[in-house]
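> Sequence and computational prediction follow.
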Amino acid sequence: MSAMLVTILICFSTSVSAFLHFYVAFALIASKKTCTVSGFLLLHLSVCSTVTCILGFQAGFTISRSSSLSLFLCQVHGYFTEIIHPLVLWNLAFVHLDRFISIVHPLRYSSLLTLRRVVLLVVFSWILILLSTSPTLISRPGLSSNFSIGGGSCPPVWNSAPVYSIIYTFISYFTPILLMLIWNIYIVSIARHHEYRIANALFLITKQATRVREVQRTALQRFQGFTAILTLGQLLGSILILYTPYFTILIIEAFSTSASPIPIGVQWTCHVLLYISPFSNAIIYGIKSRNVRLTLLHYTRKQFYKSEVNREISRRSPAPCSRRPSISSLLSSFGGRSVEGVAAHLHAKLADIQGKGISYNETHKTVE
């Protein structure tokens, strides 16, 4: 694999991924769905993935040039690369948590997972990642950074501090992956024995509970039989395939004594997979999401309805050269009064006529 091919793959995938995440973010913001749990998580995922696309675009050009613009920019790129990928993994873990609670505890979902708690979870992930990468930020002597042509940035020299490498990998990769595996395996176990659960009979008591039961049954159908393999392959298989090689290289470099234990071609392949991850996340969690598609559909329908209403109003309004009187000309004939003033004027005239005792026939004869 040549450097030019790596650059083309990374730049193309990051460009398409940035467009898709902009589409998802626009759909959520335009429809005002960011105040919901799933909407907030998808918006945060889109922002983090867009930053990943920017870093990947810069890494692609750096790989093609085989050198960095400056040491400072290279270190900044390496530090943000060290932060952004764990944030995306934790964000995906929270998305799986949202699905887990909505399936396992559908009646208590609104009380267990509120927007405030989700925001606190996201803030906790930020604090955890920043604390785990703080040794790199303060530039400890044992964690110097050198330019890596395989990644197009300046990551830390992992074999200079193997203990830190293990802690960072455990917090950034193993913990969110383990949580996602536990939650999805539990969902599969529920889906297998869903028909024999006694608690489901209690859902038929009220109309609302019946609706929740139908929603839960529809969600569990994706985790039954052969469909469960396809669902887990999309949700977890993509994450494992795209992120595992990068962190595997990190661990190998941490316990290796040689300067470059990984061939340059393998490093390029791992980074290409890593920068394809925003595209995969945009498709699986954004474009294929029913909520996002319905949200954009409702927003488009609403805007189309508004344009049709404005077009109909402008069509029915009289043209400047038209002889048909408009409402403004009618109001001006009553001395520029408002609608309330015109009504009061007509009411006063009617009361005056009734006060004089003039009948309709007499008034008609007088007019004739």
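Yep, it's here. Numbering: from 1, shown residues only.

> can you pull the contacts of residue 104?
For residue 104, the contact set (CB atoms under 8 Å, 6 or more residues apart in numbering) comprises 186-187, 190. For every residue, glycine as well, the C-beta is placed using N, CA and C.

> low-confidence ranges in the stretch 151-300 of the chain?
In the prediction, the stretch 151-300 of the chain carries residues with pLDDT under 70 at positions 151-154, 191-231, 259-260.

> What segments of it are helices?
Using DSSP state H, counting those that start in this stretch, the helices of the stretch 151-300 of the chain run over 162-169, 175-192, 207-220, 226-232, 238-254, 264-281, 290-316.

> Which positions within the fifth one qualify as buried?
Okay, so that is helix 238-254. Judged by neighbour count using 16 or more other CB atoms under 10 Å, the buried positions of helix 238-254 are 238-239, 242-243, 245-247, 249-250, 253-254.

> of these, closest to residue 103?
residue 239 (19.0 Å; CB to CB).

> Which strand or helix spans the closest residue to the closest one other than its chain neighbours?
What sits nearest to residue 239 in space, not counting adjacent residues and going by CB to CB, 6 or more residues apart in numbering, is residue 92, at 6.5 Å. When elements are assigned from DSSP states H and E, residue 92 belongs to helix 71-104.

> Could you pull up the mean pLDDT of that helix?
Here helix 71-104 scores 86 as its mean pLDDT.

> Show me which residues of it are buried.
So for helix 71-104, counting by 16+ other CB under 10 Å, buried means 74-75, 77-104.

> Hey, what's the angle from it to helix 162-169? Just curious.
50 degrees (axes from the mean of the first three to the mean of the last three CA atoms, to 10 degrees).

> counting contacts, what elements does the helix or strand just after helix 71-104 pack onto?
Using DSSP H and E, the helix or strand that follows helix 71-104 towards the C-terminus is helix 109-112. Here helix 109-112 touches helix 71-104, going by 3 or more CB pairs under 8 Å, 6 or more residues apart in numbering; DSSP states H and E.

> Distance check, the closest residue in space to residue 114 that isn't next to it in sequence against residue 110.
Counting by CB to CB, 6+ apart, residue 114 lies nearest to residue 37, which is 7.4 Å off, once chain neighbours are set aside. Applying CB to CB, to the nearest Å, the value for residue 37 to residue 110 is 9 Å.

> Have a look at the two and say which one is more surrounded.
residue 37 (22 against 11; other CB atoms under 10 Å).

> Name all residues that make contact with that one.
Going by CB under 8 Å, 6+ apart, residue 37 touches 98, 113-115, 118.

> Pull the number of nearby residues for residue 45.
24.

> ok, and the closest non-adjacent residue to it?
residue 91 (4.8 Å).

> Pretty sure residue 48 is one of the things that neighbour touches, is it not?
Yes - using CB atoms under 8 Å, residue 91 is in contact with residue 48, at 6.1 Å.

> ok so, going back, in ChimeraX, how would I select just the buried ones from the contacts of residue 37?
A single ChimeraX command suffices to select whichever of these are buried according to 16+ other CB under 10 Å:
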select :98,113,118
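
> Turn the contacts of residue 37 into TSV, including distance to residue 136.
Below are these laid out as TSV (distance: CB to CB, whole Å):
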residue	distance to residue 136
98	31
113	33
114	34
115	32
118	28
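
> which of the residues in stretch 33-48 are buried?
Those would be 33-34, 36-46, 48, for stretch 33-48 by 16+ other CB under 10 Å.

> again with stretch 2-14
3, 6-7, 9-11, 13-14.

> picking up where we left off before, in helices, which of the buried residues of stretch 33-48 appear?
In this view, the buried residues of stretch 33-48 that belong to helices under DSSP state H are 37-46, 48.

> if we look at stretch 117-129, which residues are touching it?
Contacts of stretch 117-129 (CB under 8 Å, 6+ apart): 37, 40-41, 44, 83, 86-87, 90-91, 94, 97-98, 171-172.

> now, among the residues you listed, which is nearest to residue 344?
residue 40 (52.0 Å).

> can you pull the pLDDT of the closest one?
Value for residue 40, per-residue pLDDT: 91.

> wait, it sits on residue 34?
Yes - in this structure, residue 40 is within contact of residue 34 by CB under 8 Å, at 5.7 Å.

> Determine the number of other residues adjacent to residue 119.
13.

> Repeat that for residue 24.
Residue 24 has 24 nearby residues by other CB under 10 Å.

> what helix or strand is it on?
helix 3-30.

> what's that helix packed up against?
Going by 3+ CB pairs under 8 Å, 6+ apart, helix 3-30 lies up against helix 37-65, helix 264-281, helix 290-316.

> my read: residue 135 touches residue 165, true?
No - in this structure, residue 135 is not within contact of residue 165 by CB under 8 Å, at 10.6 Å.

> more crowded one of those two?
Counted by other CB under 10 Å, residue 135 and residue 165 do not tie: residue 165 has more neighbours, with 22 against 16.

> count of residues packed around residue 261?
Neighbours around residue 261, by other CB under 10 Å: 14.
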